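K.L.:
one predicted model, sequence on top.
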Amino acid sequence: MEFNAPTMNLIVILPAIIVGGWGVLMMIADMLLPEENESWPGIFAIVGLMLAAASNFYLLRQNLDGFSATAFLPADGGPAMMIADGYVSYLNLIFLISAVIATAIAMSYLGRAGIEEKVEYYILMLFATSGMMLMGAANDLILIFIALELLSIPLYVMCGIARPRETSEESAMKYFLLGAFASGFLVFGIALLYGATGSTALPTIAENFMAGGVLSLAGFGLILVGFAFKVGAVPFHMWTPDVYEGAPTAVTAFMSIGAKVGGFAALIRILIDAVPGEAGDTWAPVIAVIAAVTMILGNVVAIEQTNVKRILGYSSIAHGGYILMAVAAIPYSGNAVSSILTYMLTYTFTNLGAFAVIIMLEKANNEGLDLDSYRGLGKNNIGMALVLTYFLMSLIGMPLTGGFIGKFVVFQSVVEANMIWLAIVGVLTSAVSAYYYLRIIYYMFMYEGAAQTQSHTGLSFAAALCLMATIAIALVPGIWIDLARSAVETTSMVIAGG
């Protein structure tokens, strides 16, 4: 019997291959380099990420010129398992930026936190990043599941890497158990969709989706549940504040971007490529309601929190709700996907910048994270207080910040989709969020105290880079909005209105 191998085009997924392969190289290097050299793992990881960024930049330039390619074409001529288009390259840009900044943060954090497994930490981060990059490129449900596990399993371990700290181990166990439960829903949904449509390839599922009837809807519903957990949407949000609080803060910073953006990357691909356009009237209202409830719960419950990491945990839930607003608008607005990409980019810089400053204030054993620890920072270190203030104002969405641009384009797409009620909920909950963000600022400037930051090169670099990027997005928003729109215009997905 003759075996026909699939046609592979590895160039189109070269950035993800470099990141994953670099993690393997780091494992080999760990055996060869002397143990007393503690500075090389972070530098080694950044070099690999920059190489991947260079290859991704080349592909992005090609994508903007109209280039779109596939990888892993089955021998039977079916749909490719992977796609390289503008959507993928833009998402890879976000993943690589977040990984570089998170690595710089970790280089300053790990020693202070007493984490000895430094090499293992960066290896796990590289593997998780490669999983994120495969999430958006996947064109098959099986590959999406594999990429999701490649993203999730390293994060489970990273959450518990600060052993024997009980809070770290507890967060890892909670994340693992609930994550495995969510993966079960996802696998069950994939099985139902396969039974209904006869395939796990997204284009084939779209062709046979309506013929699958109730079975297709049930499978899609279970897949939606699985991804709702990954992005922290209500009512599958319960893990977020506990894991954010207990995990090492450097892990929380990385996870707050990677897990969320990776989940949305695959979800959007499924909604557009695997679900036919005529089904949009069915799923869009459901996601709109989830978005509204997520924004309300995330912002309202954050008001009563006194731990800064828990505040940012509920804030992350709320920001997931803002992104879901634009997801619900996808069937009716041609700018919905590009607005999501723009929002993700602004949120990446803003959130990582805020975490960089928070780590400067953090003390040993996960202490120094309550609001009282921020008393007097405005008088003791006015520079860092002002930097954190700017990031918090950006999370609110105030004018002259990158966060304002992100929220503006998201609300614009929702209004274009004629979901005025959802836009009103988004505006009102943004106003509510101002209370708990401004409360941190109030503690910094209106109270006497001994709050003081601990300056480290990696943290200072991360905070400065995020600050400059957030300001740049605010001052020249057209460049970033046009880049996102150009990336979407060259995507292989069929966008409403596009």
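P.N.:
Sure, I can see it. Residues are numbered from 1 along each chain as shown.
K.L.:
tell me which residues of the helix ranked longest in the chain come out buried.
P.N.:
For the chain, the helix with the greatest residue count under DSSP state H is helix 166-197. Residues of helix 166-197 classed as buried: 167-172, 174-176, 178-179, 182-183, 185-190, 192-194, 196-197 (neighbour count, 16 or more other Cβ atoms under 10 Å). For glycine as for every other residue, the C-beta is placed from the backbone atoms N, C-alpha and C.
K.L.:
where does pLDDT dip in the stretch 51-200 of the chain?
P.N.:
63-78 (pLDDT under 70).
K.L.:
mind listing the strands for it?
P.N.:
Secondary structure of the stretch 51-200 of the chain (DSSP state E, counting those that start in this stretch): strands at 69-71, 82-84.
K.L.:
do the same with the stretch 201-350 of the chain
P.N.:
Secondary structure of the stretch 201-350 of the chain (DSSP E, counting those that start in this stretch): no strands located.
K.L.:
for it, give me the ranges with low pLDDT.
P.N.:
Under the criterion pLDDT under 70, no range of the stretch 201-350 of the chain is flagged.
K.L.:
what do you get if the cut-off is 80, keeping everything else the same?
P.N.:
212, 276-280 (pLDDT under 80).
K.L.:
which residue ranges of it form helices?
P.N.:
Counting by DSSP state H, counting those that start in this stretch, the segments of the stretch 201-350 of the chain that form helices are 202-208, 214-230, 239-246, 249-273, 280-302, 308-328, 336-361.
K.L.:
any chance of the ones you listed in TSV, with distance to L124 and mean neighbour count too?
P.N.:
What follows is the helices of the stretch 201-350 of the chain, written out as TSV (distance: least, Cβ to Cβ, whole Å; neighbours: other Cβ atoms under 10 Å):
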stretch	distance to L124	mean neighbour count
helix 202-208	29	19
helix 214-230	18	21
helix 239-246	16	24
helix 249-273	9	26
helix 280-302	28	20
helix 308-328	20	27
helix 336-361	18	27
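K.L.:
make a markdown table out of those and add distance to G21.
P.N.:
Below are the helices of the stretch 201-350 of the chain laid out as a markdown table (distance: least, Cβ to Cβ, whole Å):
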| stretch | distance to G21 |
| --- | --- |
| helix 202-208 | 26 |
| helix 214-230 | 25 |
| helix 239-246 | 29 |
| helix 249-273 | 19 |
| helix 280-302 | 36 |
| helix 308-328 | 30 |
| helix 336-361 | 24 |
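K.L.:
nearest to L93, out of those helices?
P.N.:
Smallest distance to L93 across the helices of the stretch 201-350 of the chain (Cβ to Cβ): 7.8 Å, for helix 336-361.
K.L.:
off-centre distance for that closest one?
P.N.:
9 Å (Cα atoms, centre = their mean, to the nearest Å).
K.L.:
for it, name the packing helices and strands.
P.N.:
helix 86-112, helix 249-273, helix 308-328, helix 382-396, helix 402-416, helix 457-475, helix 477-489 (3 or more Cβ pairs under 8 Å, 6 or more residues apart in numbering; DSSP states H and E).
K.L.:
tell me what the second one is packed against?
P.N.:
This points to helix 249-273. Judged by 3+ Cβ pairs under 8 Å, 6+ apart, the packing partners of helix 249-273 are helix 86-112, helix 118-137, helix 141-159, helix 202-208, helix 214-230, helix 239-246, helix 308-328, helix 336-361.
K.L.:
the same query, at a cut-off of 7 Å, please.
P.N.:
helix 86-112, helix 118-137, helix 141-159, helix 202-208, helix 214-230, helix 308-328, helix 336-361 (3 or more Cβ pairs under 7 Å, 6 or more residues apart in numbering; DSSP states H and E).
K.L.:
distance to N299 added to the ones you listed, as TSV?
P.N.:
As requested, the helices and strands packed on helix 249-273 are exported to TSV (distance: least, Cβ to Cβ, whole Å):
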stretch	distance to N299
helix 86-112	23
helix 118-137	26
helix 141-159	25
helix 202-208	34
helix 214-230	18
helix 308-328	5
helix 336-361	15
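K.L.:
I'd like to know which of those is closest to H237.
P.N.:
Shortest separation from H237 across the helices and strands packed on helix 249-273 is recorded for helix 308-328, at 4.9 Å, computed as Cβ to Cβ.
K.L.:
now the closest one: how far from the chain's centre is it?
P.N.:
Here the centre of helix 308-328 is set off from its chain's centre by 11 Å, with Cα atoms, centre = their mean.
K.L.:
the inter-axis angle of it versus helix 402-416?
P.N.:
Taking axes from the mean of the first three to the mean of the last three Cα atoms, to 10 degrees, one finds that helix 308-328 is oriented at 30 degrees with respect to helix 402-416.
K.L.:
other SSEs contacting helix 308-328?
P.N.:
Against helix 308-328 (3+ Cβ pairs under 7 Å, 6+ apart) you get helix 239-246, helix 249-273, helix 280-302, helix 336-361, helix 402-416, helix 420-446.
K.L.:
of these, which is nearest S486?
P.N.:
For the helices and strands packed on helix 308-328, proximity to S486 was assessed by Cβ to Cβ; helix 336-361 is nearest, at 8.5 Å.
K.L.:
right, and the helix or strand after the closest one?
P.N.:
Downstream of helix 336-361, the next assigned helix or strand under DSSP states H and E is helix 377-380.
K.L.:
check which residues of that following helix are buried.
P.N.:
377-378, 380.
K.L.:
so how far is it off the chain centroid?
P.N.:
Centroid separation for helix 377-380 versus its chain: 32 Å, with Cα atoms, centre = their mean.
K.L.:
could I get the average pLDDT for that helix?
P.N.:
Computed over helix 377-380, the mean pLDDT rounds to 82.
K.L.:
other residues contacting that helix?
P.N.:
With contact meaning Cβ atoms under 7 Å, 6 or more residues apart in numbering, helix 377-380 is reached by 384-385, 444-445, 451-452.
K.L.:
who wins for neighbours among these?
P.N.:
M444 (27 neighbours; other Cβ atoms under 10 Å).
K.L.:
from K230, how far out is that residue?
P.N.:
M444 sits 33 Å away from K230 when distances are taken as Cβ to Cβ, to the nearest Å.
K.L.:
cool, S460 as well?
P.N.:
32 Å.
K.L.:
kindly report the same for A464.
P.N.:
31 Å.
K.L.:
so S338 makes contact with V488?
P.N.:
Yes. Under the criterion of Cβ atoms under 7 Å, S338 makes contact with V488 at 4.5 Å.
K.L.:
which residue is the nearest non-sequential neighbour of M132?
P.N.:
Nearest residue to M132 in three dimensions, chain neighbours excluded: G262, at 4.0 Å (Cβ to Cβ, 6 or more residues apart in numbering).
K.L.:
and the one you found, what does it touch?
P.N.:
Going by Cβ under 7 Å, 6+ apart, G262 touches 131-132, 135, 151.
K.L.:
give me the residue at the spatial middle of this protein.
P.N.:
By Cα atoms, centre = their mean, the chain has its centre lying nearest to V261, at 2.6 Å.
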